[in-house]
Each structure stands twice: as structure tokens, then as C-alpha cells.
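Visitor: only geometry, no sequence info:
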RNA sequence: GCCCAUGUAGCUCAGUCGGCAGAGCGCGUCCUUGGUAAGGACGAGGUCACCGGUUCAAAUCCGGUCGUGGGCUCCA
């Protein structure tokens, strides 16, 4: 006789089922509607196939397409269908890995001939055919040795490599429509759960992500149970494209790239305004936070890089200038040179912490395939700072850095998220100092009640760090700021200070950046704001639009009063119709358009039109000036995004 | 760096089978003087990324170089 097991439903209801009951059976016992909608079952927190027997007392949850988690099942299942389609269409193709990812799935194939865009259509057609067959995904547990035999017969070398790494005696395989893959699962019950899918792109990849190993062909796709969701997903991709900083940067004349300097932006006057405003804001903040500013040479002898260790580990990414007698290199980082500012004179413990900021232009010879718009460049400007301090000052100083970062980000509407990375296996520096520093960093986080994620062993070899990510207006995360402790550089450059007993001691060093690089940060800002910058950042803050030539005189008065109060304003005196001028100003995303005609001259007013918000009506000129000045000075967000 | 795609006017892009280089926007000149997202006419503007090959003939086909875009760390 079969024994019974107790199943607890999410609402707390307890039911009894025979041992070996499946998710399908439980769902049916609850209701036919649920049985039909069910995609998977969560057993003690682990996802199971609906056909997999449950063997012990447990809490369960039946998942339908309403649950986010079930999406990854659909994606993963679709990747199997795609792999089947590919192998049917292109015999001889070997399968490798095909996981679900953030918004879909991919599968990597080893194939003689790379796929083309036309192939994608063929593969999609074949997949549609397979899916319409309503084939069940069936799980089978088999002996590892049997699996090895099976995949050997199929010539699936990559699966054999995976099998050789699995230590269990048994492995699971999944079959749909006579096509079988080694897979941990779980899967949706049947291909019919895949209601809509799309293959998105073909890309190259490497087996195990290792460029020294076999080059593979990767196909990305996504799929949904609800066709509407696919539509929404594709729409989101379109929207992200509209925000692309490369597109907006061109339209708003912020920067340009030229073949003559791959990976290095040419900053156009409008983009330069962004840089200047950010620098200005940064410097205000740094002054308040007790920083001093320095500037170090861009081109230095290689002996510096030998001393810092970069020559051994970083040389491939450095631009080297060999002018005959001496080899120089363009600095890829500011830190080694910063130590020369510190050691320019004897430091007392009373002087610490010393906070040295540097807006430093750096060059890194990134491989050509890594470049991308402002996000990955060869020349960039870092908002760097190096803080020299006593070990006992770590908590307070790191707290200060985090406060600075948080304040900074709030100005842009970014929510920071913190990551605490601890000592990696390969680490240099005094182990005692590592322990103390990690405790100090943790207490800095705790003292400010900051939620953070622990990234164990993810610190730099020279010290633990706190990384800070922000989420932008459409929910994407960006890693921008970092606060890193360094025990190695002070050692290498023999930095010291005189302590209260007149003894030389070694300081600790903090590297910190708030927005990382101006280039990347501006790229993120462009996409975050969709180019609709808050007024304080907008390259042109207002444009005066006279209705006709008759109003040009008054328009000039308006224009000059704004100029005189420091507003970046244009006067559009062309003989165009007002509608055309407004259209162009809207396209250039200028925050304020000031229309002036007969009525405005009579009343000494301006008609204010706000970007994306439309006509705001008349307002005395003085009032408008006061308001825009306030908005700019307070660096207010405009909430247009 | 590697795989795929791609490069035509300042910008966005057409260019079929290899047969005289195109459009819209922008720019210049002139006309027009207007009330909240494009007024009109005329005109200038090209080493079809670069180098080589095939051909009577190349933007178009082939090879190479350079640039750009996507991907190459989401673990059966």
C-alpha cells in the first residue's frame, strides 16, 4: 500500500496525497482551470516539472504564466525547441548550452557555417511547426554512463564535456518530439505553452566564454505564454533604441565620433556644456566635503608603471610612447601619480585624512570589439579621488564617501544600490589590515542603515570595496561609483606619515569615483533623461521666439535680460514661422520657449512654452527669470521622463 | 582580438539584373511677417569608407584594410 504525504498550499491549506503525486495531479485536484494554466510547481522552493513525482511532505506552489519565475521555464523550453529546429535544418550542428537569460534565452551551437538572418526565418518557421505539434517535455533520469553512451553516439562532444564534469551518478534528460537534450530542467509541460516567440539576433560566442576555445554561433530569442507580452517586450526594445545616447548625442549635437580617433569622442559645444556643468557641480560638492584638487601628468616614464605593477599586468591596455631614449606611457589610471602629490611633502597624522581629487584624462587601449559609443571608450575623464587616511578613520571616511555619492545621485533621480566585495583568494597586503578594513566598511554600511548585497571574494587584490549601481528611468542598472580600499599602493610607493610618537607610519588609501567617467556618466544621463535634461544641464535652457520681425526689438530685450542673469538662451531671429521655430526647439529638447508678439510687448511679459508640456500662458518677464534662475540654482529635476 | 551584420551628400536613407549618383531634412540666396510642432521658390553640396581584383563597364561582384553596430562573464 502506498503511503500518503502532506502537501501544504500557499494559502496554508493542507491536503493529503499519495506519495509520488505529481504537480499535474495536485493542480487538477484544486480545479480544472488551474490544471490547464499550470506551467510548473514549486516544491520547497525548487521548481519541478508538473509530471515529476513528489516524494515527501512539502509546501508547494503551482506556477502559471502570472508568475515571473515561470517565464524562465518558457524561455528555457523554447531554447530546446530552437535547438531541435536548428539540428533538423542544419544536420551536423552540435549543441552546447542553451539557458534562459534576463529577457529570453539563447543557445550556442558549433556549426560549420555561421547562421544568417535568412536562417533565422527558417529556424522560426521550423520552430512554429514543432510547437504546433503540442509535444510534451518529458523528463527521464538515467545513469550518467548511459548518458555518456547516448551523447557519444550522437557525436555531441560538448555534452560529453559537460557530463564529464557532473559528479552525480544519474543525470536528467528532457525529450520533446523525439529530440533529447541533457538538461537539469525543469520545463513547461508541453510545447503548446509557448504561445509566441521571436528570434532576435545572431552573435558569436566562445565555448565556456573562453576566447581561446571553439568559436560558437549564438542565437538569441525570447518567448512568452501571452502574445501580448512579446509585443510589450519588443516595444520596450524599440523604446530603449529611441533613448540610445549615440542617436540623441548626434541629434542634440553633443558629441561626435570620427574614424580618425576610434573610441575617443569629439565633444561638441553642446556636449561641452554638460561636462562643464557636471564639473562645476562636482567641484562645489568636493569643496564642501573637504577635498583638495590636483592634476598629474598624462605622459610619464614607464618606470612609474613598473613600480605600480601596471607594466606587468596592464601593459596590453596601455598606449605606449617610445620616443627613442625613454619609453613613456599615457596614464590609464590616476592613482600611482596621485601618490606623488601626497608625498610632495612630509605628512603628519594631524593632516589625515587628505582627500585629493583629480579630474584626470585617461587613455586605455581597449580592444576594438569592446568599444561602444560613450559607454566604452579609449580616452575618458575620470572624476577620481584618492584619500590618504589612518586605518582608524576608514569607517568615517567611507561613510562620507557614501553620503557624497547618495547626494550626488539624488540630483539626477538615481537610486543607488550598494555591493560590498570582500577579500579575494589572491590578495596582497597585511591580512590583519584586511580584517580590520572589512569590519570598518561593514560598519560604515551598517551605521547608515544601508541595504547592501554581499559579493564575497569579489574585492580587488589590493583591498575590499563598495560598488554602487544605479537604476535609470527605464529600470536598467548601471555600475558607476566605486569606493575601494588599497593597502598595496601605499606600500609600493613607500608612503608615510609621522605619528604622534614621531614614528613613520603607512597610511591607507581609498580610491573613489562618483560617476566613474564623465563620458560614460553622460551616456547614462542621456539615456536616463532621453535627452530631456533638467534645465541646469540643458545645453540651451531657453529660446526666445519673436512672432515676426516687428517683435525682434522686444525679443532682443528679453534675450539680453536672460543672458545677463546667466541663462543659456538663444534668440531665434530667422524669418521662419513661429510654428517652425517651436518645432525645431522642441526637437532640440530646449526646456523653455519664450514666444513674444504684440501682447507680450504691451504687457512686458513672455508667453512660456515648456518642452513636452506645451503653452503655459503669459508671465511677466521678471517672474520668469526669477523662476528659471531658481530652477537652475537648485538643480531641479523636470520629471519629464 | 574573434564571429556576424554594416559603411552612398552634414543627417536619415533609396539605388532592381553590373550600364549617366538619388530623395527628404539640413545648408545658401531670394520671396514671405506669421500666435504654439514643418510657408514658398531657386541653388550649392559626392574620392559611393579606403586599397586592390574581375569586367568593355563596379556604389553594385570578389579579396583585403579601416570604421561602426550586435555578441563573445547569465552554466547541463
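Guide: Right, received. Where do you want to start? As the structure is a prediction and not an experimental result, all values here were calculated from the model. Residues are numbered from 1 along each chain as shown, chains lettered A, B, ... in the order given.
Visitor: Tell me how chain A divides into domains.
Guide: As given by automatic domain parsing, the domain ranges for chain A are A:4-63, A:70-240, A:255-296+A:331-529, A:542-633.
Visitor: Which of the ones you listed comes out lowest on mean pLDDT?
Guide: For those, mean pLDDT drops lowest on domain A:4-63, to a mean of 83.
Visitor: could I get the domains of chain A as TSV with distance to residue A:318?
Guide: Heads up, the C-betas are built off the backbone N, CA and C, glycines and all. Putting those into TSV (distance: least, Cβ to Cβ, whole Å) gives the following:
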stretch	distance to residue A:318
domain A:4-63	47
domain A:70-240	20
domain A:255-296+A:331-529	5
domain A:542-633	38
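Visitor: Could you save those domains as TSV and add columns showing mean neighbour count?
Guide: Below are the domains of chain A laid out as TSV (neighbours: other Cβ atoms under 10 Å):
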stretch	mean neighbour count
domain A:4-63	16
domain A:70-240	17
domain A:255-296+A:331-529	18
domain A:542-633	17
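Visitor: Can you add distance to RNA strand B and give those domains back as TSV?
Guide: Listed next are the domains of chain A as TSV, based on distance: least, Cβ to the nearest atom of the strand, whole Å:
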stretch	distance to RNA strand B
domain A:4-63	12
domain A:70-240	2
domain A:255-296+A:331-529	2
domain A:542-633	3
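Visitor: hey, where'd the strands end up in the stretch 301-450 of chain A?
Guide: Listed in chain order, the strands of the stretch 301-450 of chain A (DSSP state E, counting those that start in this stretch) span A:320-322, A:327-330, A:354-363, A:379-389, A:415-421.
Visitor: which helix in chain A runs the most residues?
Guide: Ranked by residue count and defined by DSSP state H, the top helix of chain A is helix A:68-89.
Visitor: contacts for the helix or strand following it?
Guide: For helix A:68-89, the following helix or strand on the C-terminal side (DSSP states H and E) is strand A:94-95. Outside strand A:94-95, the residues within contact range by Cβ atoms under 8 Å, 6 or more residues apart in numbering are A:83, A:86-87, A:107, A:109-111, A:155-159, A:181.
Visitor: Of those, which pair is most distant in space?
Guide: A:107 and A:155 (17.2 Å; Cβ to Cβ).
Visitor: re the thing from before, in strands, which of the contacts of strand A:94-95 fall?
Guide: In strands, defined here by DSSP state E, the members of these are A:107, A:109, A:110, A:181.
Visitor: so the first one makes contact with residue A:217?
Guide: No. The pair residue A:107 and residue A:217 fails to qualify as a contact (Cβ atoms under 8 Å) at a distance of 9.3 Å.
Visitor: picking that back up, quick check, nearest of the contacts of strand A:94-95 to residue A:545?
Guide: residue A:107 (55.5 Å).
Visitor: nearest spatial neighbour of that closest one, skipping sequence neighbours?
Guide: residue A:98 (3.3 Å; Cβ to Cβ, 6 or more residues apart in numbering).
Visitor: How about the secondary structure of the one you found?
Guide: coil (DSSP: H, G, I helix; E, B strand; the rest coil).
Visitor: Tell me the secondary structure at residue A:500.
Guide: Under three-state DSSP, residue A:500 falls in the coil class.
Visitor: I'd like to check which residues are in contact with it.
Guide: Residue A:500 neighbours (Cβ under 8 Å, 6+ apart): residue A:349.
Visitor: and the gap between it and residue A:390?
Guide: Going from residue A:500 to residue A:390 by Cβ to Cβ, to the nearest Å gives 11 Å.
Visitor: Are there residues contacting both of those two? Which ones?
Guide: Overlap of the contact sets of residue A:500 and residue A:390 (by Cβ under 8 Å, 6+ apart) consists of residue A:349.
Visitor: thinking again about what came up before, could you point out which of the strands of the stretch 301-450 of chain A sits nearest residue A:310?
Guide: strand A:327-330 (8.2 Å).
Visitor: centre of the chain versus stretch A:8-24, how much separation?
Guide: 41 Å (Cα atoms, centre = their mean, to the nearest Å).
Visitor: Now do the strands in the stretch 101-250 of chain A.
Guide: A:104-110, A:138-143, A:170-176, A:179-182, A:196-206, A:215-224.
Visitor: Check which helices and strands the fifth one sits against.
Guide: What it means is strand A:196-206. helix A:117-132, strand A:215-224, helix A:227-243 (3 or more Cβ pairs under 8 Å, 6 or more residues apart in numbering; DSSP states H and E).
Visitor: nearest to residue A:116, of the strands of the stretch 101-250 of chain A?
Guide: Taking the strands of the stretch 101-250 of chain A one by one with Cβ to Cβ, strand A:196-206 is closest: 7.6 Å.
Visitor: in terms of contact, does residue A:377 touch residue A:267 like I think?
Guide: No. At 11.6 Å, residue A:377 and residue A:267 do not qualify as touching, with contact defined as Cβ under 8 Å.
Visitor: All set, thanks.
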